[in-house]
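Colleague: this is the structure alone, sequence omitted:
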């Protein structure tokens, strides 16, 4: 995993580089673990109730997270900011997959 070593070296040149790298890797770990648990439900929804495409469904989830953050009404144990970052990454993947 040479790229991790390269990123660590680059991170040393940035004032907050190591913190950025750590937070980013934490998000990647969360997304991978959720992908193991839930499969590709965000990128390939089963569409039983909603017929919206995967990008639109991800945008709805992002809207829900923004609303929770705005209203301060998250659930105990949830990390709405990390979840929102994760959904933005999934949206980026969904857009890349549609091209």
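Modeller: Yep, it's here. Owing to the predicted nature of the structure, the values given are computational and were not obtained by experimental measurement. Residues are numbered from 1 along each chain as shown.

Colleague: grab the nearest non-local neighbour of the residue nearest to the spatial centre of the chain.
Modeller: For the chain, residue 86 is the residue whose C-alpha lies nearest the centre (Cα atoms, centre = their mean; 0.8 Å). In this structure, residue 86 finds its nearest non-sequential neighbour in residue 31, 5.0 Å apart by Cβ to Cβ, 6 or more residues apart in numbering. C-beta here means a position set from N, CA and C on the backbone, and glycine is covered the same way.

Colleague: burial measure for the one you found, as a count.
Modeller: 19 (other Cβ atoms under 10 Å).

Colleague: could you do residue 43 as well?
Modeller: Neighbours around residue 43, by other Cβ under 10 Å: 16.

Colleague: what is the three-state secondary structure of it?
Modeller: coil (DSSP: H, G, I helix; E, B strand; the rest coil).

Colleague: separation between it and residue 11?
Modeller: Remark: distance between residue 43 and residue 11 (Cβ to Cβ, to the nearest Å) = 29 Å.

Colleague: circling back: what pLDDT is listed against the residue nearest to the centre of the chain?
Modeller: pLDDT recorded at residue 86 is 96.

Colleague: how close does it sit to residue 6?
Modeller: 24 Å.

Colleague: follow-up on the earlier one: helix or strand for the residue nearest to the centre of the chain, which one?
Modeller: helix 80-98 (DSSP states H and E).

Colleague: need the contact list for the residue nearest to the centre of the chain.
Modeller: 27, 30-31, 34 (Cβ atoms under 8 Å, 6 or more residues apart in numbering).

Colleague: out of the residues you listed, which are buried?
Modeller: Among these, those buried by neighbour count (16 or more other Cβ atoms under 10 Å) are 27, 31.
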